[in-house]
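Colleague: Here is the input, now give the coordinates:
(one chain, ligands or ions: 2)
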Amino acid sequence: MLTCVPSLSELVRAHTDLDSEDVAWLQLLLADWQIIADLSFADLVLWLPDREGNGWWAVAQMRPTTGPTAYVDDLVGAFVPRGRRPLIDAAYDAQRVAREGDPEWREDIPVRVEAIPVRREDRVLGVIGRNTNLLGVRTPSRLELAYLQTATDLTRMIAQGHFPYPGQRSDHADSPRVGDGFLRVDETGRVTYASPNALSVYRRLGLTTDLTGLNLASITRDLVPVARRPDEETLSAVLGGLAPRDTEVGNEGTVLIVRTVPLRPAGEHIGALVLLRDVTELRRRDRELVTKDATIREIHHRVKNNLQTVAALLRLQARRIEAPEGRDALEEAVRRVGSIAIVHETLSTSYEEAVDFDDVADRLRVMVSEVSSRGAVVHTRREGSFGTLTAEVATPLAMVLTEVLQNAVEHGFGEGEGTITVTARRRSGRLLVVVADDGRGLPEGFDADASTSLGMSIVRTLVESELDGRLEVGPAPGGGTRVSVDVPA
Ligand SMILES: Nc1ncnc2c1ncn2[C@@H]1O[C@H](COP(=O)(O)OP(=O)(O)O)[C@@H](O)[C@H]1O
Ligand SMILES: [Mg+2]
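Modeller: Numbering: from 1, shown residues only. Ligands and ions are numbered 1, 2, ... in the order given. The predicted structure is shown next:
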């Protein structure tokens, strides 16, 4: 089943009175609420009051990755009238966390429900319903108690408008999750609890003792060389549990991201929640990709240099040939090699194996019109855009374009003036290229399909076999010649 879940801002606009700053606040909260769901072993649902005050819209939902879900179904987009969920009504009206003594039973699953008001400045924007599936809760371990305590601290901060921290977005891809490594530090920066994963991360960093009881900033200073850590101010602020930020530290063997959320459930700073993630492997792969990219670009650069050398040799040789036919043939070869070199040069500066072909086409136009030997003054222009093309398409297409432009310059105009227009259009997976000149037109009885001369043969073979496309050569509407190439791209 495929349904389209509306976004937070769509739901807010459709049903509530919240303004854009309220939405920004809620989005900041949602960026972090996987952490809260995981620490609570609970499902979270954000309810916002409708305009008329008749009830609540579910605008966002998060399931825990640390425990079973209490909701199998998606609630986003659902509406419940006031009176149906008394805890939500109560949390919103009293502006306090509301909870029930006894669990609710939902289809044989005991669920503990809590409602947490979400405050921004002096207003409550909505209510988070926190639903813990009690089937998953065993006799709590030290880890579970530490998680739950931290979740409670965070929910109290949400109710008071102290969380989220403005300007702190950390839902980027490598942001640490609770399961990656969880620490609590007290107000002096001393570790009071470290999850087994957090301890493992520090062990890999070189720690040989337990982490609990140590000052996190000083032990990190001991384990991480100065060159591989942030400035002293950032280090002591983040690892000391004072600043809501993340930072990266590491040594020879291990790199980790540290994310700190200072906690002040009753207004005063009592320490922080610190999440750790070992990103050694991730960073190694990043580096490998960078090197691989650079290598590919370097190879294109060298291919381009080699082709230019070949072109220069052919040009030298052409100058020494007396017979005009032989010289022309070599000069054409120089251009053919040159057009391939342009594609490789473009690839050598691009970060993907794809080229911005407008750039290539424009350079080919210039190259071809510069060598218009017969003394005609040729103007060229481009309409529309080729977009980006993969190297496999770009190289043959560059050769095709060179031949066609060359023919227009060479055969289209006598000694007068003329214009060549290159039109490119991308539509539904295909690229249509039209090269039209306003010259003297094709010779009487000319048949492009039957033509066995080299230029046309190259064009036909490349378009039909290499590019799997269609080629048409004929008269242009206003006189002159029109060549169109239609290829999948
Ligand atoms: N734009 C054009 N205007 C006039 N004639 C053209 C044009 N394009 C191609 N032709 C004709 O088609 C012939 C074949 O072209 P081609 O295969 O490239 O061979 P070549 O350019 O070596 O003569 C040309 O000799 C010319 O008579
Ligand atoms: Mg030709």
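Colleague: Compute the distance between residue 276 and ligand 2, please.
Modeller: 66 Å (C-beta to the ion, to the nearest Å). Where C-beta positions appear, they are placed from N, C-alpha and C, glycine not excepted.
Colleague: Got the phi and psi for that residue?
Modeller: phi -120, psi 150 (degrees, to the nearest 10).
Colleague: Next: the one 10 residues further on.
Modeller: Its backbone dihedrals place residue 286 at phi -50, psi -50, with angles given as degrees, to the nearest 10.
Colleague: Phi first, then psi, for the residue of the chain found nearest ligand 2.
Modeller: Nearest to ligand 2, among the residues of the chain, is residue 455, at 2.8 Å (C-beta to the ion). Note on residue 455: its backbone torsions stand at phi -60, psi -50 [degrees, to the nearest 10].
Colleague: Leaving aside the residues adjacent along the chain, what's closest to it?
Modeller: Distances taken as C-beta to C-beta, 6 or more residues apart in numbering place residue 403 nearest to residue 455, at 4.7 Å, with adjacent residues excluded.
Colleague: what secondary structure does the one you found sit in?
Modeller: helix (DSSP: H, G, I helix; E, B strand; the rest coil).
Colleague: That one: what's it in contact with?
Modeller: Shown in contact with residue 403 (C-beta atoms under 8 Å, 6 or more residues apart in numbering): 336, 455-456, 458-459.
Colleague: which among these are in contact with ligand 1?
Modeller: Counting by C-beta under 6 Å from any ligand atom, 455-456 from those sit close to ligand 1.
Colleague: which one of the contacts of residue 403 is nearest residue 370?
Modeller: Closest approach to residue 370 among the contacts of residue 403 (C-beta to C-beta): residue 336, at 15.5 Å.
Colleague: For the contacts of residue 403, pick the one with the most neighbours.
Modeller: residue 459 (24 neighbours; other C-beta atoms under 10 Å).
Colleague: which helices and strands does the helix or strand where that residue lies pack with?
Modeller: In the assignment (DSSP states H and E), residue 459 maps to helix 454-461. Under the contact criterion of 3 or more C-beta pairs under 8 Å, 6 or more residues apart in numbering; DSSP states H and E, helix 454-461 touches helix 324-349, helix 391-407, strand 470-475.
Colleague: Rounded mean pLDDT for it, please.
Modeller: Helix 454-461 shows a mean pLDDT of 91.
Colleague: Can you classify residue 445 by secondary structure?
Modeller: coil.
Colleague: close to ligand 1, is stretch 440-447?
Modeller: Yes: using C-beta under 6 Å from any ligand atom, a contact is recorded between stretch 440-447 and ligand 1, made by 441-443, 446.
Colleague: Report the buried residues of that stretch.
Modeller: 441-442 (16 or more other C-beta atoms under 10 Å).
Colleague: in the stretch 151-300 of the chain, which spans are strands?
Modeller: For the stretch 151-300 of the chain, applying DSSP state E, counting those that start in this stretch gives strands covering 182-186, 191-194, 246-250, 255-263, 271-278.
Colleague: closest to residue 465 out of those strands?
Modeller: strand 255-263 (49.7 Å).
Colleague: Which elements pack onto the closest one?
Modeller: Packed next to strand 255-263, using 3+ C-beta pairs under 8 Å, 6+ apart, are helix 142-160, helix 232-239, strand 246-250, strand 271-278, helix 280-319.
Colleague: Which one of the ones you listed lies nearest to residue 34?
Modeller: Checking the helices and strands packed on strand 255-263 against residue 34 by C-beta to C-beta gives strand 271-278 as the closest, at 10.9 Å.
Colleague: And the contacts of the closest one?
Modeller: The contact list for strand 271-278 (C-beta under 8 Å, 6+ apart) reads 35, 39, 150, 153-154, 174-178, 180-187, 189, 192, 197-198, 201-202, 204, 216, 239, 241-242, 254-263.
Colleague: Give me the buried subset of these.
Modeller: By 16+ other C-beta under 10 Å, those give 35, 39, 150, 153-154, 175-176, 178, 180-187, 189, 197-198, 201-202, 216, 239, 241-242, 254-263 as buried.
Colleague: Quick check: next helix or strand after the lowest-mean-pLDDT helix or strand in the chain?
Modeller: Here the helix or strand of the chain ranked lowest by mean pLDDT, DSSP states H and E is strand 104-106, holding a mean of 76. Per DSSP H and E, the first helix or strand lying C-terminal to strand 104-106 is strand 109-120.
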